[in-house]
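Trainee: All I have is the shape, not the residue letters:
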């Protein structure tokens with residue numbers, strides 16, 4: 001006989017409330033989200049950001065074909081160490097990395113050899129540096145971050161909240177503080193690591209309307225005009 005598990009009304013209520021908030025947020029974005037891709041060049045940065053968020057939530061399979069890639073071009077950094085209770089729930093040193101970014105959306109089109117880029121505004125990448133996932137931001141197992149936006153003028157500025165290990169920090173740290181004036185470091189989010197925080201995508205978590213991120217990639221360029229030359233070969237869809 002199948003084992004019966006206790007029902008938790010409070011959990012169901014929270015899930016229902018979150019989905020209602022998500023639908024309300026997505027409805028705000030719908031006007032921009034339904035606009036054809038050909039109009040992206042005529043949109044403002046904020047409108048393009050709305051277009052991206054709506055399509056990731058409501059039109060995921062179609063937008064996957066354009067291999068959307070988000071690049072946060074780092075313009076300044078702030079590294080913070082605090083002695084006391086950490087975000088992992090333990091005592092010790094808390095390390096945080098906050099990166100000011102200019103976000104750019106890159107899309108591929110049939111017939112074009114290179115991606116076409118669109119600015120989608122300024123924002124921040126806020127990362128906890130720890131050996132394991134922090135208590136805040138609340139993430140699912142295997143999730144590295146989530147994308148959110150300033151809801152006072154949604155979306156106004158784009159934020160990435162997440163974490164990296166100390167090993168990753170030690171690898172990327174020299175690139176942030178390079179004395180070479182032509183060096184540039186980007187935070188790169190490819191299409192196969194972006195998933196809407198909604199029912200059916202329970203492997204990612206975040207605020208209503210957010211986009212879950214399952215992998216973070218850092219790229220250091222020796223010259224700011226350097227481009228990605230080869231396509232990635234990994235599948236775009238989660239199985």
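Mentor: Received it, and whenever you're ready, just let me know what you need. Because the structure is a prediction, the values reported are computed rather than measured.
Trainee: how about residue 28, secondary structure?
Mentor: Here residue 28 is recorded as helix under DSSP: H, G, I helix; E, B strand; the rest coil.
Trainee: what's the neighbour count on residue 116?
Mentor: By the measure other C-beta atoms under 10 Å, the count of residues near residue 116 is 14. From N, CA and C alone the C-beta is placed, and that goes for glycine too.
Trainee: quick one: contacts for it?
Mentor: By C-beta atoms under 8 Å, 6 or more residues apart in numbering, the residues touching residue 116 are 106-109.
Trainee: from what I can see residue 161 touches residue 137, true?
Mentor: Yes - the pair residue 161 / residue 137 is scored as a contact, 4.3 Å apart, by C-beta atoms under 8 Å.
Trainee: Now for these two: what residues contact both?
Mentor: 145-146, 206.
Trainee: Most neighbours out of those residues, which is it?
Mentor: That'd be residue 145 among the shared contacts of residue 161 and residue 137, by other C-beta under 10 Å, with 29 neighbours.
Trainee: okay, that residue: pLDDT?
Mentor: If you check residue 145, the pLDDT there is 97.
Trainee: With residue 153 instead?
Mentor: Looking at residue 153, its pLDDT reads 57.
Trainee: same thing with residue 217?
Mentor: Residue 217 is given a pLDDT of 96.
Trainee: Which of the helices or strands spans the residue positioned nearest the centre of the chain?
Mentor: Centroid check for the chain by C-alpha atoms, centre = their mean gives residue 147 as the closest residue, at 3.7 Å. Assigned by DSSP states H and E, residue 147 belongs to strand 145-149.
Trainee: Tell me how far that strand lies from the chain's centre.
Mentor: Distance of strand 145-149 from its chain centroid, counting by C-alpha atoms, centre = their mean, to the nearest Å, is 5 Å.
Trainee: Quick check: neighbours of it in the sheet, parallel or antiparallel?
Mentor: strand 158-164 (antiparallel), strand 211-213 (antiparallel) (DSSP bridges).
Trainee: Can you show me the helices along this protein?
Mentor: Counting by DSSP state H, one finds helices in the chain at the ranges 9-33, 45-58, 60-64, 166-176.
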